[in-house]
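Q: quick one: sequence and predicted model below, then my questions.
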Amino acid sequence: MDIEILTIGTELLLGFTIDTNGAEIAQAVAAIGGRVVRRTSVGDEPGAIEAGLNEALARTGLVITTGGLGPTRDDISKDVVAQLFEAPLEFQEEIWRRLVQRFERMGRKAPESNRSQAFVPRGATVLNNQWGTAPGLWLEGPRGTAILLPGVPSEMRQLLKHEVIPRLTARASGTVVRSATIRTTGIAESALAQRLGNIEAELAPLSLAYLPSLPGVDLRLTAWNLPPDEADRRLSDGSRRLRELAGEFVYGKGDEDLAALVLDRARSRKLKLAVAESCTGGLVGGRITAIPGSSDVFLGGIIAYEDQVKLRDLAVPAASIATHGAVSEEVARAMAAGVARQFGAELAIAVTGIAGPDGGSETKPVGLVWMATSVDGAVESFHYVFPGTREEVRARASQWVLFQLLKRIR
């Protein structure tokens, strides 16, 4: 089952909006054995939309679109599809009634402009949108099938899951395209590739992709057009082999978050966590508190950006700062011990560094970050000179210190 995706919206072409819809649709389609052969983005122009639809239907006979179903003047996708399928738009009172009721529940009157969303191409199947105002549409004709979804990601996602994928599954061949991801950090892509060697030959027919990003390198295995049981077995065996070879640089799988893994491990051992941050300015604490349920592990933190805060709130010895500087092993260790003591935490993290772009020296270059972790009073320290912009240095430091703590409490 070959499918094309057509995402519609001038904002996509201008770069102000990232096309996350196309990615999510492709993943969902692959999971049921479909194959996305092309993804195209076009602006809110009738000619561009018509050309995109014509070409997609000619190639595969099945296209999924997102965008252009709203109530404003630039929402014209439905009009173009209606003309292409020679299916004139017809007003459906039931859709309008649901729209009116939706606005009433919010204490508002439905704008007259929303009436346009109650017009449906003749013969189309309406995909009821319980999460927004624009219903999805499913049209079939001599040239193939067009599935129209709203551009709002949350609405698109729900309609895709509840209305589209079940219908497409009935058309699927019985084979699947599935992936498994191993997450690594602290090792460059080239070094990881050298460590894995000629693993692709061993993993065949699975394919392997290296996906580098700021936090680390993901290894993604993909099984193509295999029966579900065989795909799962091969992915399980391949993932196990990748974990063996990548070794200590592996921290998780799938879309697991490093901060969430730290919290889970601390929770299982009934340990509490506190953080002391200088150059990261709360990034570590922010990553931790972004995880639901973090309050049963995380006690709090101190952003000790100015030296007086380090002295007053973390009891860092003045002599350590005077002799070694605020960015030093001695200060990082004292910060970790101080915040653990201040909060009564068994676990603590400390970060102090030079994020840049200025402030470095020959002995302490921009990107130098000293970090420390404390586990039951035992402090370990380490440093790294991170490359990149100020933002990248801070992000990499937060990732690295969380990784070091995870390794210690494992």
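A: Perfect, thanks for sending it.

Q: now tell me what touches stretch 217-235 from outside.
A: 33, 35, 173-185, 187-189, 192, 196, 203, 205-212, 238-239, 242, 246 (C-beta atoms under 8 Å, 6 or more residues apart in numbering). The way it works is simple: take the backbone N, C-alpha and C, and place the C-beta from them, glycine included.

Q: so which of those belong to helices?
A: Using DSSP state H, 189, 192, 196, 203, 238-239, 242, 246 are the members of the contacts of stretch 217-235 that sit in helices.

Q: all helices for the stretch 251-400 of the chain, in order.
A: 258-268, 283-289, 307-314, 318-324, 329-343, 390-409 (DSSP state H, counting those that start in this stretch).

Q: what would those look like in TSV with mean neighbour count and distance to His383?
A: What follows is the helices of the stretch 251-400 of the chain, written out as TSV (neighbours: other C-beta atoms under 10 Å; distance: least, C-beta to C-beta, whole Å):
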stretch	mean neighbour count	distance to His383
helix 258-268	19	19
helix 283-289	21	16
helix 307-314	17	17
helix 318-324	13	12
helix 329-343	24	7
helix 390-409	21	10
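
Q: need those in JSON lines (columns: mean pLDDT).
A: Converted to JSON lines, the helices of the stretch 251-400 of the chain look like this (pLDDT from 0 to 100):
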{"stretch": "helix 258-268", "mean pLDDT": "97"}
{"stretch": "helix 283-289", "mean pLDDT": "98"}
{"stretch": "helix 307-314", "mean pLDDT": "97"}
{"stretch": "helix 318-324", "mean pLDDT": "97"}
{"stretch": "helix 329-343", "mean pLDDT": "98"}
{"stretch": "helix 390-409", "mean pLDDT": "97"}
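
Q: hang on, the earlier thing: select only the buried ones of the contacts of stretch 217-235 in ChimeraX?
A: Buried residues among those (16 or more other C-beta atoms under 10 Å), as a ChimeraX selection:
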select :33,35,175,176,177,178,179,180,181,182,183,184,185,187,192,196,203,206,208,238,239,242,246
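
Q: let's see which of the contacts of stretch 217-235 end up in strands.
A: Using DSSP state E, the members of the contacts of stretch 217-235 that fall within strands are 35, 176-184, 207-212.

Q: what two of those residues are the furthest from one another?
A: Farthest apart among the ones in strands among the contacts of stretch 217-235 by C-beta to C-beta are Arg35 and Thr184. That separation is 28.4 Å.

Q: any chance of CSV for the helices of the stretch 251-400 of the chain, columns distance to Gly377?
A: Formatted as CSV, the helices of the stretch 251-400 of the chain follow (distance: least, C-beta to C-beta, whole Å):
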stretch, distance to Gly377
helix 258-268, 15
helix 283-289, 20
helix 307-314, 15
helix 318-324, 18
helix 329-343, 7
helix 390-409, 13
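
Q: minimum distance to Phe103: which of the ones you listed has it?
A: Using C-beta to C-beta, the helices of the stretch 251-400 of the chain put helix 283-289 closest to Phe103, at 35.2 Å.

Q: for that closest one, name the packing helices and strands.
A: Contacts defined by 3 or more C-beta pairs under 8 Å, 6 or more residues apart in numbering; DSSP states H and E place helix 283-289 against helix 258-268, strand 273-277, strand 298-303, helix 390-409.

Q: what is the mean pLDDT for the third one?
A: What it means is strand 298-303. Strand 298-303 carries an average pLDDT of 98.

Q: mind listing the strands that strand pairs with, and their directions?
A: strand 273-277 (parallel) (DSSP bridges).

Q: which residues touch the strand it pairs with?
A: Residues outside strand 273-277 that contact it (C-beta under 8 Å, 6+ apart) are 262-263, 266, 283-285, 288, 297-304, 314, 335-336, 338-340, 342-343, 345-351.

Q: mind running it again at 6 Å?
A: Strand 273-277 has contacts (C-beta atoms under 6 Å, 6 or more residues apart in numbering) with 266, 284-285, 297-304, 314, 335, 339, 343, 345, 347-351.

Q: great, nothing more from me.
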